[in-house]
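>>> Fold the following and give me the result.
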Amino acid sequence: MRRTSKVLALGIAVGVALAVIFRAFVLDPARWIGADSLVLLASDDCAFSNDLYQQIRATPKLAERVQVVPIDGGHSDRPTVRMMCGTALAQLRSRGVWQLRLLPDNWACGALIAYGNETHTKHFLYYPAWMKGPQPLEDGDLLPALAERGLQYDGKTNTLWLLGEELPASRKQSATMKAVDDDNPLSHAVGHTIGW
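Alright, predicted model coming up:
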């Protein structure tokens, strides 16, 4: 009977260790995203955030450089949130995130949304919010982080585009930017950080 107890205890210990490793390396969305990714925490509740998401979704060169992470505000069943999540998972798969091969899309989407919600609540006050890997970007850090990835941003039109190109003509009078503070070109570009 003693031998059976030892084998059972060993089996339980190995199972717990494997579960911890699985959770840390497979189930953690922060690992999917990576430490050096430029991340947009996007919410369909914010016109500016949703507008940036639509630009990224419609422009493959932007999607290669900016990882979308959806925030749902408690409404993960909304079609726009589901679309954001589908885009985010497709981006991660295109970057070779092997963990997503092991997980059902609905579970992975829920985990990604939960990660986005928790990160936003912990670090930011507004939308859209930007991060470099797991670190929140403060107001002065966004433009250099974008430039590192060959991108530029115009706060007056809420437009994200490739460095060296002209501001797209279709974006010169963006409808989402009617309430921008003219003295602050980043007034809607960065979800202001709170103490972290």
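
>>> Report the residue spans of this structure with pLDDT below the cut-off.
1, 7-26, 74-76, 173-196 (pLDDT under 70).

>>> and the gap between the residue nearest in space to the middle of the chain and residue 168?
Nearest residue to the geometric centre of the chain (Cα atoms, centre = their mean): residue 69, 2.5 Å. The gap separating residue 69 from residue 168 is 25 Å, by Cβ to Cβ, to the nearest Å. Glycine gets a C-beta too; all of them are placed from N, C-alpha and C.

>>> quick one: the strands in this structure?
For the chain, the strands defined by DSSP state E cover 38-43, 66-71, 129-132, 135-136, 151-154, 159-162.

>>> Quick check: which of those is nearest to residue 53?
Nearest of the strands of the chain to residue 53, taken as Cβ to Cβ: strand 38-43 at 4.2 Å.

>>> from what I can see the residue nearest to the centre of the chain touches residue 109, true?
No. The pair formed by residue 69 and residue 109 falls short of the contact definition of Cβ atoms under 8 Å, at 11.0 Å.

>>> Who does the residue nearest to the centre of the chain form a beta bridge with?
Taking DSSP bridges as the rule, residue 69 bridges to residue 41.

>>> Would you mind saying which of the strands of the chain lies nearest residue 84?
Using Cβ to Cβ, the nearest of these to residue 84 is strand 66-71, at 3.8 Å.
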